[in-house]
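Engineer: dropping a prediction and its sequence here:
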Amino acid sequence: MSNVETVDVVIAGMGPVGMMAGLMLSRKGHSVLIADKKPKPYTLPRAVAHDGEIARVLQNAGLVPDEMPEAIEPYDDMYIWVNADDEMLLEVDWTGIDQSGWNNEYFYNQPNLEKYIDANMRANKSLEAVRGSSVRFVAQDSDGVDVELVDELSGQKRQVRAKYLLGADGANSEIRQSVGLSWKDLGFFYDWLVVDVIPGPTAKITHLAKQIADPARPTTVVPAGPNRRRWEFMLLEGESTEEITKPENIWKLLERFDLDPSNAEIERGVVYRFKSGWAEDWQKGRVFLLGDAAHTTPPFAGQGLCAGVRDAVNLSWKLDLVLDGKAREGILNTYSNERLQHAEGFIYFAMELGKIICITDPEEAAARDAAMKAELASGRKPEPPPAPRLGEGLHIGDEGGHLSWQGKVTTAEHAAPIRFDDIFGAGALILANSSLASEVSDAEITQLKNAGIAVVTFGENSKPLIDSFGDIEDTYAHWFKNEGLQAAFIRPDFYIYGVAKDSAGVKELVTSFVRKAELV
């Protein structure tokens, strides 16, 4: 057994989800071996959008969206739907800052974003990244998982013993299949041609994110990161992938938008089958699934990569506590159900959008357009996208399992406004006023801090172990007032564990977390 290597975590798959999990775990000092069977990173775009919650995750992983200008750009405008005659059907407001403290929407170039993630991940000495090697599950027991790393060219094998194995190896996950986790296919699929374009200086292209609800050819036009643009064209009955992806046929589709080889470059044109489904369980013993290995969604809501990153942060903070000996393994049993039910909400939302977008019958499209124009004329604001609650797990009460807020704050050491997480990090018990601080003992405060959870309060307080901040934009004051809160316990993935509406609830909030999280 002397040739068997040992690590804390093996990760199969070096897409953005696997790398984010590797980055977050290795930043905490855990030994990570991450591998991908492809010898080189994939250099063409895939996903293009993420929301403010993912910007907050990136912020806390040392990947500040504002500091990656060649990878990510904020979007601060409307998302519009028009019909075949370019008449307005719907306007969705994507302007401003969301509750996570970042823009509501961002567009990015995935290869450039992955370069940042990869570099930050490899900077951690406790992590080894290997390309050109597949990860094969061998066996597991109550103490660990045995895997083989197999070099794709030479066939050479490395025997590795890990405490945990994470399968982030895509929709056709070999890890999922090898451990026998079943897949639920929702039977919803459409074929779309995805075209990524680098416009030249003379190209005249709207900057807006735009859905063209044309029954003759449903089309999506959105930003695709700095200096890029994406078109998505639905394939019609009888069209073949081979024909529609020929450059001359792609240019014919782009003619409508005044694009030709003189003013634009086609970076990629490929047909994807937009489909929906998920693994019915994301854990088997010490093996966990995340990203596309666990769920797939149509891109109509822009939530595919977002869901995978949420998986990574949810699982990583719980693994961190277990690997550090600060929590028992029971906390890991909350991962699968929390994330599965949350992802389901976005998948069903994307499917409903798809059913509206993908209409090709002219009469059905005319009825849809008339209903949408009447709704727009009424002045009623469109319903916001869903904010699904986590599935049953590590949270309590009606407010538990929902996303928390992040505002800009000041402290004695930081006179200039700064985002809350940049001072206090991820995870906090926020006390609404200093009088409630007395409800938490010094021993409990110390235990929470040892678990990586800060304890803070508005304004000054009398307890030296509790930090305080100035709520300069009244983000927290408004949140607490609107919800009738006095305290909120925020988990390290920014979701609410629970809230207290009076001083008597604060102590139970803390003691119940210690119990439910199985803190040691």
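Structural biologist: Alright, I've got the coordinates.
Engineer: so which helix or strand takes in Leu89?
Structural biologist: Applying DSSP states H and E as the criterion places Leu89 in strand 88-93.
Engineer: quick one, helices of the stretch 401-520 of the chain?
Structural biologist: Secondary structure of the stretch 401-520 of the chain (DSSP state H, counting those that start in this stretch): helices at 420-424, 442-450, 475-483, 504-516.
Engineer: single out the most deeply packed of those.
Structural biologist: helix 420-424 (a mean of 19; mean count of other C-beta atoms under 10 Å). (C-beta placed from N, C-alpha, C; glycine too.)
Engineer: picking up where we left off before, identify each buried residue in the strand holding Leu89, please.
Structural biologist: By neighbour count with 16 or more other C-beta atoms under 10 Å, strand 88-93 contains the buried residues Leu89, Leu90, Val92.
Engineer: same list (those residues) but as CSV, adding distance to Ala55 and pLDDT.
Structural biologist: Formatted as CSV, the buried residues of strand 88-93 follow (distance: C-beta to C-beta, whole Å; pLDDT from 0 to 100):
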residue, distance to Ala55, pLDDT
Leu89, 29, 95
Leu90, 25, 93
Val92, 18, 90
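Engineer: between those residues, which sits nearest Ala12?
Structural biologist: The closest of these to Ala12 turns out to be Val92 (C-beta to C-beta; 37.0 Å).
Engineer: the nearest residue to that closest one once chain neighbours are set aside is in what secondary structure piece?
Structural biologist: Excluding its sequence neighbours, the residue lying closest to Val92 (C-beta to C-beta, 6 or more residues apart in numbering) is Tyr79, at 4.2 Å. Taking DSSP H and E as the criterion, Tyr79 maps to strand 78-83.
Engineer: could you say what helices and strands the strand holding Leu89 packs with?
Structural biologist: For strand 88-93, the packing partners by 3 or more C-beta pairs under 8 Å, 6 or more residues apart in numbering; DSSP states H and E come out as strand 78-83, helix 362-377.
Engineer: quick one on the thing from earlier: so what touches the strand holding Tyr79?
Structural biologist: Contacts with strand 78-83, where a contact means C-beta atoms under 8 Å, 6 or more residues apart in numbering, come from 88-95, 105, 208-214, 365, 369, 372.
Engineer: and of the helices and strands packed on strand 88-93, who's closest to Leu340?
Structural biologist: Of the helices and strands packed on strand 88-93, nearest to Leu340 by C-beta to C-beta is strand 78-83, at 27.6 Å.
Engineer: what average pLDDT does that closest one get?
Structural biologist: Average pLDDT, strand 78-83: 94.
Engineer: equivalent analysis for stretch 152-170, please.
Structural biologist: Rounded mean pLDDT across stretch 152-170 is 97.
Engineer: measure that stretch end to end?
Structural biologist: Stretch 152-170 has an end-to-end distance of 18 Å (C-alpha to C-alpha, to the nearest Å).
Engineer: a markdown table for the helices of the stretch 401-520 of the chain, including distance to Gly302 and mean pLDDT?
Structural biologist: Below are the helices of the stretch 401-520 of the chain laid out as a markdown table (distance: least, C-beta to C-beta, whole Å; pLDDT from 0 to 100):
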| stretch | distance to Gly302 | mean pLDDT |
| --- | --- | --- |
| helix 420-424 | 23 | 91 |
| helix 442-450 | 35 | 77 |
| helix 475-483 | 25 | 90 |
| helix 504-516 | 33 | 84 |
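Engineer: returning to that earlier point: quick one, the strand holding Leu89 and strand 78-83 angle?
Structural biologist: Here strand 88-93 runs at an angle of 170 degrees relative to strand 78-83 (axes from the mean of the first three to the mean of the last three C-alpha atoms, to 10 degrees).
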